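> Quick one, structure for this:
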Amino acid sequence: MRLTSRLSIAAPIVALAMLVSANNAFAQKTETIEGGRTTVALASGFVSALGSLDVTPGTVGPTRLYNGTVNFPVTGGAIDLDTAASQILHSGGLTLTAGQTTVTLQSFIIDTTGTPVITGLVSVDGKLLGRLPLFDLALPSGITLPLKPHDGQIILKGVGVTLDSTAAGALNSVFHVSAFTGGFGIGTAKVFIDLPGCYDEDRG
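Coordinates of the predicted model:
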């Protein structure tokens, strides 16, 4: 009876230990993002289209626009190195101004947990509308999994950025035009993300 009793107590303890071990193994696939930046080289066609619509692009600090390239500091997030599923948070943003109307797009999140997309907080003349899908992403074909950080960093180049259909509809409505369409080329992005927890693995 005592042996049976001890076994009945031990069984759930062993099961719990196995569950904790499995959860820890799963958690190790995901790394915390502590910094970095995303830069986007704007497509000349996009810049020309804005000019033809008398829409002037601007930035939200600390983003800067220089020689057709904008940068957005990475402020946090997480990435699964086995699958490349991630959410990458940014500060800064963009403004689009025509006449007395200004659309502000800021606090971008690169989300690759599903179809790759950039979402952002959208305001019109200071009134916050909410977070909307803004840009669709086309990841470069050369990506191999699992992702392998080098010196605590992952660099992803050649990411295609196009206007999301939801954002296109919103911009057409705000600016009273029909020129914005889903799939319109915005530019090409480079993403640099810092993973300090991966230094030891890199150096091993």
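> need the contact list for the residue positioned nearest the centre of the chain.
The residue at the geometric middle of the chain, judged as the C-alpha nearest the mean C-alpha position with Cα atoms, centre = their mean, is residue 110 (1.1 Å). Residue 110 makes contacts with 38, 77, 86-88, 90, 116-118, 137, 191, as judged by Cβ atoms under 8 Å, 6 or more residues apart in numbering. Where C-beta positions appear, they are placed from N, C-alpha and C, glycine not excepted.
> okay, the residues you listed in TSV with pLDDT next?
Below are those laid out as TSV (pLDDT from 0 to 100):
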residue	pLDDT
38	98
77	98
86	97
87	98
88	98
90	98
116	98
117	98
118	98
137	98
191	98
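> which one of the residues you listed is nearest residue 67?
Checking the contacts of residue 110 against residue 67 by Cβ to Cβ gives residue 38 as the nearest, at 16.6 Å.
> which intervals of the protein have sub-threshold pLDDT?
Per-residue confidence of the chain (counting by pLDDT under 70) places the weak regions at 1-28, 199-204.
> quick one, domains of it?
Here the domain parsing of the chain from automatic domain parsing is 1-28, 33-203.
> Find out how far the last one is from the centre of the chain, if you would.
Going by Cα atoms, centre = their mean, to the nearest Å, the spacing between the C-alpha centre of domain 33-203 and its chain's C-alpha centre is 7 Å.
> What residues sit buried inside stretch 179-191?
Applying a neighbour-count criterion of 16 or more other Cβ atoms under 10 Å, one finds 180, 184, 186-191 buried in stretch 179-191.
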